[in-house]
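[1] Make a model of this:
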Amino acid sequence: MTQQLNEALLRLPDVRKATGLSRQGIYRAERDGMFPRRVKISLRSVAWRQSEINAWIEARVRKVAL
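    This next block holds a predicted model:
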């Protein structure tokens, strides 16, 4: 049975807008293991899974609320 995938992929400008992080901040946090890893979508393009970005944002909100 084929599973339907409803996962959106976000490009860098959308990730920056959603998180409030700079390009350098995103790549630095990703390198340090504190941000979701990007996925390669073509030879010279990358994106991030929307569900992982949303989960990262929720974790940050919960952390601040404590």
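
[2] Now do the biggest helix by length in the chain, average pLDDT.
    Taking DSSP state H as the criterion, the chain has its longest helix at helix 50-65. Helix 50-65 shows a mean pLDDT of 92.

[3] List the buried residues in it.
    Going by neighbour count (16 or more other CB atoms under 10 Å), the buried part of helix 50-65 is 50, 52-53, 56. In short, each C-beta sits where N, CA and C put it, glycine included.

[4] Mind giving me the packing neighbours of that helix?
    On a contact count with 3 or more CB pairs under 8 Å, 6 or more residues apart in numbering; DSSP states H and E, helix 50-65 meets strand 9-10, helix 12-19.

[5] Need the residues that contact the first one.
    Residues outside strand 9-10 that contact it (CB atoms under 8 Å, 6 or more residues apart in numbering) are 18, 39, 41, 47-50, 53.

[6] Output the below-cut-off pLDDT ranges for the protein.
    For the chain, the stretches flagged by pLDDT under 70 are 1-5, 66.

[7] Swap in 80 and give it another go.
    Scanning the chain for pLDDT under 80 picks out 1-6, 64-66.

[8] Spatially central residue in it, please.
    With distances taken as CA atoms, centre = their mean, the residue of the chain nearest its centroid is residue 53 (3.7 Å).

[9] Identify the residues contacting that one.
    Residues in contact with residue 53 (CB under 8 Å, 6+ apart) are 10, 15, 18-19, 36.
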